[in-house]
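> predicted coordinates and the sequence they were generated for:
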There are 2 protein chains.
Amino acid sequence: MTKDMALRVVPRPMRKQVEEGLRDAIMTGRFAPGQHLPDRLLCELFGASRSVVREAVRLLEAEGLVTTYPNRGPFVSFLSPAEAEQVYEVRGVLEALAGEGFAQRASAGERAELRRVLEALAALPPRGADQAALLALKREFYEVLMRGCRNPLVARMFETIINRNAQLRATSLSDPGRLSGTVAELRRVVEAIEARDAAGAWQACRDHVRSAAEVALRILREHERAARATG
Amino acid sequence: MTKDMALRVVPRPMRKQVEEGLRDAIMTGRFAPGQHLPDRLLCELFGASRSVVREAVRLLEAEGLVTTYPNRGPFVSFLSPAEAEQVYEVRGVLEALAGEGFAQRASAGERAELRRVLEALAALPPRGADQAALLALKREFYEVLMRGCRNPLVARMFETIINRNAQLRATSLSDPGRLSGTVAELRRVVEAIEARDAAGAWQACRDHVRSAAEVALRILREHERAARATG
DNA sequence: CCGCACGGTTTGTCCGTCAATCTTCCGGTC
DNA sequence: GACCGGAAGATTGACGGACAAACCGTGCGG
C-alpha cells in the first residue's frame, strides 16, 4: 500500500509533464500550426532543461503533432485539407474496428455505460449547448468504447489520431445543429452494440466518422478559401 | 553545386542513424524482446552521446518497439500472443484501407507495377525459396500499395505497425507451403484492383491479413507452449 | 536593384555533474 | 541453513555548459 502512495507521490517525470504540456498547448491552439518551437522558448516555458525538452519534442514528432526540419528545428505540424481527409479515413477504420470489437467483447456493464453516456449526450440542449460539457461527454463516449473493445493498441492509435485533428473537431462541433446528427449516429452505434451486431456497429461507426468528416472538411475548406481571399 | 554534394555527404543527423540502427537491431532480433538497453551500451555501440541515444530511444518508444519502465530504463518490447493479435487486427484494416484507396486512386502505371511485383512473387520456387528475396518482394509489394493509395498517413502507420511484428512475419513466412497461399491471396487483391473493385480489394486485403495472422499466431502459440514446457 | 559578406541565432552534438532509485550482494541474525 | 537488512555499485532522470555548423536577416557595396 505504501507502493501505491509512492507511485502517486512521484507520479510523473519532468519529461511527461513537458510532453503533456506541449501536446495540450498544440491541441488547444495556444501554439498555432506552422509556429516555430525553438528550444529556448520551451525551456523557459516549462522550466526544463534542453535535454528534457528535446526528448519530449521527439515524442510529439513521432505522434505527428510536430514536424522537424533539418537544421531548422521543430514546428507545429500544419494540417492541410488533404491531410485532414486522410486523418478522417484512418480514424474511420479505427473507430469501426473498436465498435466491432466492443459489440463482440464488451461486458454487459460496459454496454450499459455506453448507453448512459449516449443518453447524457442526448439530454444536452439541442443548440448552444455548453461546449466543454459536450466535448467531455464525447471524450467519455470514446473512452468507454476504446476500453470495452479489448484492443489497447487500437485505443492508443485512436488517441494519437484524434489528437491530430483536435482543432478540427472543435470547429465541427461548433456547427449549429450538428449535435442532433451526432446523437442520432451514435445511437445507431449503441443500438447495434446492444443487439450484439458487430457488422452493424462497424458500419454505424464508419458512417458516423464519415459525416463528421464531411462537416469538418466543409468548414475547413471554407476557412481555407477565406484565408486565401484575405491573404 | 558543392551544396548538392554536401547535402548528400551529410544527409542524416547522427540521431537518425541511431534511430535506424536501433530499429534495425530490434527488428532483426539482434536485440531480443525483453532485453534491457542501458544508455551506456547504446552509446558505445553507436558511438553517440547520451543525449542523442536518449532522443532516439524516445522515438522508438513512441513507435512501440521499446518500452520504458520508470527508473529502470528502456527495454525491447515484448509481444504477447494477445498483443500480436491486436497488431494483426489493426494491420488488417490499414491494409484494407490502402487496398481500397489503391483501387480507387492509383495510376495505371502503379497498377501495372503492382502486377509486376506479384508475378515476381509467383515466380519464386514454391518451397525453400530464398528468404531474403521473398521478404524483399513482399516489402516492395507493400511499398507500391502504400504509395498508390494516396494516403501517406496510412503508409506511415502501416510501416510502424509492421515493424512491430517484423519478427513474427519472419516466422510466418518460414512456414513451408505458405508462399502459395500468400500469392493466391495477393492475386485476389491485384485482380480486384485491376477491376477497379474497391470493395473487393478491401475484402481481399483483409482476408490476406487474416490468414497471415492465423499462421503467425499458430506458430507463436506453439513456441510459447514449448518455451513454457522447457522453462 | 541585386548580390554578398557579416553577425546574431538556433540547431545538433558532446561532455561532466548530481541526486534519486534500483539491483546486488554481503553480513548478521534467528 | 534460511531470512532479513543495509551498504555498495550501477543506472536513470535531469541539469547546465560548451562548441562547430547551419541558417536568417540586415546592411553594405556594386
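Here it is on my side, so go on.
> next SSE after the lowest-mean-pLDDT helix or strand in chain A?
Ranked by mean pLDDT, DSSP states H and E, the weakest helix or strand in chain A is helix A:2-9, scoring a mean of 40. Of the helices and strands lying after helix A:2-9 in sequence (DSSP states H and E), the nearest is helix A:14-27.
> could you point out which element follows that next one?
helix A:39-46.
> what comes up buried for that next one?
By neighbour count on 16 or more other C-beta atoms under 10 Å in any protein chain shown, the buried set for helix A:39-46 is A:L42, A:C43, A:F46. In this view, the C-beta of every residue, glycine as well, is placed from N, C-alpha and C.
> mind checking the SS state of A:P126?
Secondary structure assignment for A:P126 (DSSP: H, G, I helix; E, B strand; the rest coil): coil.
> how confident was the prediction at it?
At A:P126, the pLDDT value in this model is 76.
> again, but for A:E119
You'll see A:E119 listed with a pLDDT of 98.
> gap between it and A:L186?
Noted for A:E119: a distance of 10 Å to A:L186, by C-beta to C-beta, to the nearest Å.
> which of those two has more neighbours?
A:L186 (21 against 12; other C-beta atoms under 10 Å in any protein chain shown).
> quick one, phi psi at that one?
For A:L186, the backbone dihedrals (degrees, to the nearest 10) come out as phi -70, psi -30.
> same for the biggest helix by length in chain A, what does it pack against?
Looking across chain A with DSSP state H, the single longest helix is helix A:198-230. If you count contacts as 3 or more C-beta pairs under 8 Å, 6 or more residues apart in numbering or on different chains; DSSP states H and E, helix A:198-230 packs onto helix A:81-105, helix A:166-173, helix A:178-194.
> dump those into JSON lines; add mean pLDDT and distance to B:V66 as well.
As requested, the helices and strands packed on helix A:198-230 are exported to JSON lines (pLDDT from 0 to 100; distance: least, C-beta to C-beta, whole Å):
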{"stretch": "helix A:81-105", "mean pLDDT": "97", "distance to B:V66": "23"}
{"stretch": "helix A:166-173", "mean pLDDT": "74", "distance to B:V66": "26"}
{"stretch": "helix A:178-194", "mean pLDDT": "96", "distance to B:V66": "35"}
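> in space, not sequence, find me the middle residue of chain A.
A:I162 (2.7 Å; C-alpha atoms, centre = their mean).
> now for A:R111: which residues touch it?
If you count contacts by C-beta atoms under 8 Å, 6 or more residues apart in numbering or on different chains, A:R111 has them with A:F102, A:G148, A:I193, A:E194.
> meant to ask about A:D39, not that
A:D39 makes contact with A:R50, A:V53, A:R54, A:G73 under the criterion C-beta under 8 Å, 6+ apart.
> what do you get for A:L37?
Here A:L37 is in contact with A:L22, A:F31, A:V57, A:V66, A:G73, A:P74, A:F75, A:V76 (criterion: C-beta under 8 Å, 6+ apart).
> A:A155 touches A:M146, doesn't it?
Yes. Counting by C-beta atoms under 8 Å, A:M146 is a contact partner of A:A155 at 3.7 Å.
> so where is chain A shaky, pLDDT-wise?
Residue ranges of chain A with pLDDT under 70: A:1-11, A:128-129, A:173, A:230-231.
> what helix or strand is the residue in it that chain B sits nearest to located in?
In chain A, the residue that lies nearest chain B is A:A62 (3.4 Å; C-beta to the nearest C-beta). Element membership for A:A62, per DSSP H and E: helix A:50-63.
> list the beta-bridge partners for the closest residue to DNA strand C within chain A.
Closest contact between chain A and DNA strand C, by C-beta to the nearest atom of the strand, is at A:G73 (2.8 Å). Counting by DSSP bridges, A:G73 forms beta bridges with A:Y69.
> for burial, what's the neighbour tally of it?
14.
> so who does it touch?
A:H36, A:L37, A:P38, A:D39.
> which residues of chain A lie near DNA strand D?
With C-beta under 7 Å from any atom of the strand as the criterion, chain A comes near DNA strand D at residues A:P13, A:M14, A:R15, A:G47, A:A48, A:S49, A:R50, A:S51, A:V52, A:P70, A:N71, A:R72.
> buried ones among the residues you listed?
With neighbours counted by 16+ other C-beta under 10 Å, the residues of chain A next to DNA strand D contain buried members at A:R15, A:A48, A:V52.
> per the record, what domains does chain A have?
What automatic domain parsing lists as the domains of chain A is A:2-76, A:81-230.
> winner for burial among the ones you listed?
Greatest average neighbour count among the domains of chain A goes to domain A:81-230 (a mean of 17), per mean count of other C-beta atoms under 10 Å in any protein chain shown.
> from A:E119, how far out is A:R187?
Going from A:R187 to A:E119 by C-beta to C-beta gives 9 Å.
> one more: A:I219?
According to C-beta to C-beta, A:I219 and A:E119 sit 28 Å apart.
> cool, A:Q104 as well?
The gap separating A:Q104 from A:E119 is 23 Å, by C-beta to C-beta.
> now do A:A106
The gap separating A:A106 from A:E119 is 17 Å, by C-beta to C-beta.
> next: A:V76.
For A:V76, the distance to A:E119 (C-beta to C-beta) stands at 37 Å.
> now do A:M14
Separation of A:M14 from A:E119 (C-beta to C-beta): 41 Å.
> for A:Q35, same thing?
From A:Q35 across to A:E119, the span is 40 Å (C-beta to C-beta).
> then A:E20?
For A:E20 relative to A:E119 (C-beta to C-beta), the value is 31 Å.
> ok, now A:L45?
For A:L45, the distance to A:E119 - C-beta to C-beta - is 41 Å.
> again, but for A:N163
Counting by C-beta to C-beta, the gap from A:N163 to A:E119 is 27 Å.
> for A:F102, same thing?
Going from A:F102 to A:E119 by C-beta to C-beta gives 17 Å.
> then A:V190?
A:V190 sits 9 Å away from A:E119, going by C-beta to C-beta.
> get me the contact residues on chain A for chain B.
A:13, A:51, A:54-55, A:58-59, A:61-64, A:70, A:83, A:86-87, A:89-90, A:93-94, A:96-97, A:101, A:151-154, A:157 (C-beta under 8 Å from any C-beta of the partner chain).
> ok, which of those also contact DNA strand C?
Among those, the ones lying near DNA strand C by C-beta under 7 Å from any atom of the strand are A:S51, A:R54, A:P70.
> could you find the closest non-adjacent residue to the second one?
The reference is to A:R54. Ranked by C-beta to C-beta, 6 or more residues apart in numbering or on different chains and with sequence neighbours excluded, the top spatial neighbour of A:R54 is B:E55, at 5.9 Å.
> ok, that neighbour touching A:E55?
Yes. Using C-beta under 8 Å, B:E55 makes contact with A:E55 at a distance of 5.7 Å.
> circling back: which one among the buried ones among the residues of chain A next to DNA strand D gets closest to B:R178?
Taking C-beta to C-beta as the measure, B:R178 lies nearest A:R15 of those, at 42.9 Å.
> from A:A120, how far off is that closest one?
A:R15 sits 35 Å away from A:A120, going by C-beta to C-beta.
> same check on A:R206?
Going from A:R206 to A:A120 by C-beta to C-beta gives 24 Å.
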